[in-house]
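*Asks:* Pasted the sequence and its predicted model underneath.
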Amino acid sequence: MQKLYNDVSQSLDLESQYTLMNEFVNMVLLGLDEPWSLEQRLGGRADPGESGSAEKSSRITPGTTYGDIVIEVRRSLLDLAQDGARLSVFVHSVLPDSLGYIEQLPGITPENRADLALVCFTVRRAEQATPNLRRIIACIRGHLDGQSEDDRGEGFYQTLAGLGDVLLMPQSKELFVHAVYYYHEALSHYWRQCEAGRPVSESRNEDGIVRVRNCVFNTIIIIMEMLQRRNSPVAAHGLESIARVGVMCQARILQEYSATDVNFASRLLGAARDDVRPVHLACTEAMARLHAAWPWLGLLDRPLLQVAAACAVMGKDRSDDSVPSRLFNATVSLLRARNEAKDGAGNREDAELLSAFVGEAAVRARGILAGLGLYAALSEGNGLADAFLGRSGLSCGVNFYAACSDLKLNESELAGLKELTASMSALAVVASTLPAGARNDIDRLRASLKEMNIPFDLPEGGRYDRDRAVESAKRALAALLNGFGSGATTTFDAADWREDVSSAARLAFVSAFGKEYVDRANRLLLTQVERIVSESADVEQAFLAAYKDFASERWGEPGNSPLVKVQALEINQLHWERVAGECVIKTPSLADAIRQGDPPDWWSTAG
């Protein structure tokens, strides 16, 4: 929406810009105070909720500007955002009139019209992957071909990459390859821009560098998900150089890390505070998101990278609810490492370290990391639903109790678990009202508790108490740490829960795998991060080298793709070219394409 506002305001005089700014602030920051429809604001009477097909707007006057249309379409969409049925009627029956009108206005580009059509996806995400969704995105892409090369600026390629963002919204594997196609087109443009000596970092507000990062991130994350869905080893072969570009871009975007507290990460890594800088944390977080692209990651490096990313976001000067999910990811990495060690897949590791992964201490470490995720969710969560569902507390709890059920716990440890379970047992009362995925998690939780003979029922007169749950989690985790029997102990008495998490995580790693191995893994991580930081000033040259094999020589040629290079995906050049044909539908008029197609079916009509 910000891009749309910038595009509109540039074509207006100062007085009109001021009016538009006020409207924009009211819409985005204050919300709608007058839920008028487009026709009511512009003089018409149509109400898209009255019938299956809205009355055509007949009162858009010749003096109506592109800015007027943008404001009113946005207002109407926001008003209808919670009603999938009415929203679909509006997009199918009213939006085409607005697009048809601006198609006649001088100076309005296909990019402007595409941006207006995409507004409907900013007020409500596409929820269902349907052929109609893919068709309308392909029509928008085909309409962009009507814009001359000379008129294709930074915003044009932002719009192009935005098509990929829309196709990712339903999280459907059927649309993954098509989303990558649009990201690939945008990245190929940036590659040609660098080749012509126009660095993307000179774009206004570094929009170009942000888009390169996002396209790289999304592309590689899609590849990782596709590999996981195919039960293939999660290793995005040949993509390390591209992933490095994404992390370099992150190193250039440091506003959110400007006031980062590095203490948590340095405590985990066992490094001097001066050896860790905010830029290191920005890169660590980015590297964790692209973890499958790093061939140098060993069995211990993977979970350490995820926990280091959790410590990185803990240090931000703004709230970040991803700490529990990152700790959860670390437990998954530990579990995968145990399986690989058992199967002999980690043959490059020392025999002593491999044996540690299949021992009881590794199970205890996995439980502690999951418990720390639960503790973080309880500490930061605003109530039961937010802690367990909004902040991954339930997922962490499932892994925590599963690991505990595999251990031979003493009476002190069991007592701590029983106390924590009692403070969480309100989940048992609300289980039937939760989504299916959460209900399945609670069933798994019950199974683990049953193995340990711990009841999961709300005590008589009991209720959920966040403070009690936090204190119970501290005592349970302290007991588990003491169970290492190696002098590892903590009282969880820090004034800040983040200090507890970073200290306890290091204790768990060192106790399970040994200080020598943990410090070696930490040094490797810091070395790799520092290398990327030192190279980030030349991100354009790195991008030129990394994407050379993929960028098409001329606009309109699909070229190659990172997907084609990953043999485990079984996507060859022929498949890629077929997708390229499906992603572009020649569309002279967006208004006609929307009006003549089926009504939008990618939103739930349940509201």
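*Replies:* Cool, the structure landed.
*Asks:* my guess is Arg211 contacts Ala161, does it?
*Replies:* Yes. Between Arg211 and Ala161 there is a contact under Cβ atoms under 8 Å: 5.7 Å. Every residue, glycine included, has its C-beta placed from N, CA and C.
*Asks:* Isn't Asp549 up against Gly559?
*Replies:* No. In this structure, Asp549 is not within contact of Gly559 by Cβ under 8 Å, at 9.1 Å.
*Asks:* Neighbour count for those two, which is higher?
*Replies:* In terms of neighbours (other Cβ atoms under 10 Å), Gly559 is the more surrounded of Asp549 and Gly559; the figures are 21 against 15.
*Asks:* Can you tell me the closest non-neighbouring residue to the more buried one?
*Replies:* Ser552 (3.0 Å; Cβ to Cβ, 6 or more residues apart in numbering).
*Asks:* Next: Phe217.
*Replies:* Of all residues not flanking Phe217 in the chain, Gly246 sits nearest, at 5.3 Å (Cβ to Cβ, 6+ apart).
*Asks:* The one you found: how many residues sit nearby?
*Replies:* Around Gly246 there are 28 residues (other Cβ under 10 Å).
*Asks:* now do Asp145
*Replies:* Residues near Asp145, counting by other Cβ under 10 Å: 14.
*Asks:* ok, then the element right after the helix-or-strand element of the chain with minimal mean pLDDT?
*Replies:* None of the helices or strands of the chain scores lower by mean pLDDT, DSSP states H and E than helix 38-42, at a mean of 38. Where DSSP states H and E defines the elements, the next helix or strand beyond helix 38-42 is helix 66-80.
*Asks:* what's the offset of that following helix from the middle of its chain?
*Replies:* On the basis of Cα atoms, centre = their mean, to the nearest Å, helix 66-80 sits 28 Å off its chain's mean C-alpha point.
*Asks:* For that helix, name the packing helices and strands.
*Replies:* helix 2-9, helix 14-25, helix 38-42, helix 84-93, helix 95-102, helix 110-123 (3 or more Cβ pairs under 8 Å, 6 or more residues apart in numbering; DSSP states H and E).
*Asks:* what helix or strand does the residue nearest to Asp598 when sequence neighbours are not counted sit in?
*Replies:* Spatial nearest neighbour of Asp598, excluding adjacent residues (Cβ to Cβ, 6+ apart): Asn132 at 5.2 Å. If you go by DSSP H and E, Asn132 is part of helix 131-144.
*Asks:* Now tell me what touches that helix from outside.
*Replies:* Residues from elsewhere that reach helix 131-144, judged by Cβ atoms under 8 Å, 6 or more residues apart in numbering: 110-111, 113-114, 117-118, 126, 156, 159-160, 163, 166-167, 170, 175, 178, 182, 582-590, 593-594, 597-598, 600-602.
*Asks:* show me the contacts for the nearest residue to Gln128 once chain neighbours are set aside.
*Replies:* In this structure, Gln128 finds its nearest non-sequential neighbour in Trp602, 4.9 Å apart by Cβ to Cβ, 6+ apart. Neighbouring residues of Trp602 by Cβ under 8 Å, 6+ apart: Ala126, Glu127, Gln128, Ala129, Thr130, Asn132, Leu133, Pro170.
*Asks:* what's the farthest-apart pair in those residues?
*Replies:* For these, with distances taken as Cβ to Cβ, the pair at the greatest spread is Glu127 and Asn132 (12.9 Å).
*Asks:* if we can go back for a sec, of the contacts of helix 131-144, buried ones?
*Replies:* 110-111, 113-114, 117-118, 126, 156, 159-160, 163, 166-167, 170, 175, 178, 182, 583-585, 587, 589-590, 593-594, 600, 602 (16 or more other Cβ atoms under 10 Å).
*Asks:* From those residues, which land in helices?
*Replies:* Using DSSP state H, 110-111, 113-114, 117-118, 156, 159-160, 163, 166-167, 175, 178, 182, 590, 593-594 are the members of these that sit in helices.
*Asks:* What's the separation between Pro303 and Leu477?
*Replies:* Pro303 is 17 Å from Leu477, where distance means Cβ to Cβ, to the nearest Å.
*Asks:* I'd like to check what contacts the strand or helix carrying Leu268. Which residues are they?
*Replies:* Leu268 is located in helix 263-269, with elements delineated by DSSP H and E. Applying Cβ under 8 Å, 6+ apart, the contact partners of helix 263-269 are 272-273, 275-276, 280-281, 284, 307-308, 311-312, 314-315, 498-499, 501-503, 505-506, 522, 525-526.
*Asks:* how about the helices in the stretch 351-500 of the chain?
*Replies:* With DSSP state H, counting those that start in this stretch, the ranges of helices along the stretch 351-500 of the chain come out as 351-357, 360-380, 384-385, 393-405, 411-424, 426-430, 436-451, 466-482, 497-513.
*Asks:* Using TSV, lay out those helices together with mean neighbour count and mean pLDDT.
*Replies:* Shown next, in TSV, are the helices of the stretch 351-500 of the chain (neighbours: other Cβ atoms under 10 Å; pLDDT from 0 to 100):
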stretch	mean neighbour count	mean pLDDT
helix 351-357	17	86
helix 360-380	26	94
helix 384-385	18	72
helix 393-405	26	93
helix 411-424	20	85
helix 426-430	17	70
helix 436-451	16	89
helix 466-482	21	88
helix 497-513	23	92
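*Asks:* which one of those lies closest to Gly197?
*Replies:* Closest among the helices of the stretch 351-500 of the chain, once you apply Cβ to Cβ, is helix 497-513, at 44.7 Å.
*Asks:* Dump the C-alpha coordinates for the closest one into CSV.
*Replies:* Taking C-alpha atoms only, helix 497-513 is exported to CSV below (Å, rounded to 0.1, in the frame of the first residue of the first chain):
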residue,chain,number,x,y,z
TRP,A,497,13.6,-14.1,31.2
ARG,A,498,15.9,-13.6,28.2
GLU,A,499,19.0,-13.9,30.4
ASP,A,500,17.6,-17.2,31.7
VAL,A,501,17.0,-18.6,28.2
SER,A,502,20.4,-17.7,26.8
SER,A,503,22.3,-19.0,29.9
ALA,A,504,20.3,-22.2,30.2
ALA,A,505,20.6,-22.9,26.5
ARG,A,506,24.4,-22.8,26.7
LEU,A,507,24.4,-24.9,29.8
ALA,A,508,22.3,-27.6,28.0
PHE,A,509,24.6,-27.7,24.9
VAL,A,510,27.8,-27.8,26.9
SER,A,511,26.5,-30.4,29.3
ALA,A,512,25.2,-32.7,26.5
PHE,A,513,28.0,-32.3,23.9
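*Asks:* tilt between it and helix 466-482?
*Replies:* Counting by axes from the mean of the first three to the mean of the last three Cα atoms, to 10 degrees, helix 497-513 lies at 20 degrees to helix 466-482.
*Asks:* Next, the angle from helix 497-513 to helix 360-380.
*Replies:* Calculated by the same axes, to 10 degrees, helix 497-513 forms an angle of 170 degrees with helix 360-380.
*Asks:* what distance separates helix 497-513 from the centre of its chain?
*Replies:* What separates the centre of helix 497-513 from the centre of its chain is 26 Å, taken as Cα atoms, centre = their mean.
*Asks:* if we can go back for a sec, could you pull up phi and psi at the residue nearest to Phe217?
*Replies:* Dihedral pair for Gly246: phi -60, psi -40, per degrees, to the nearest 10.
*Asks:* what sits against it?
*Replies:* Listed by Cβ under 8 Å, 6+ apart, the contact set of Gly246 reads Val212, Arg213, Val216, Phe217, Ile220, Ala286, Leu290.
*Asks:* what sits against the last one?
*Replies:* When the contact criterion is Cβ under 8 Å, 6+ apart, the partners of Leu290 are Phe217, Ile220, Ile221, Met224, Ala243, Gly246, Val247.
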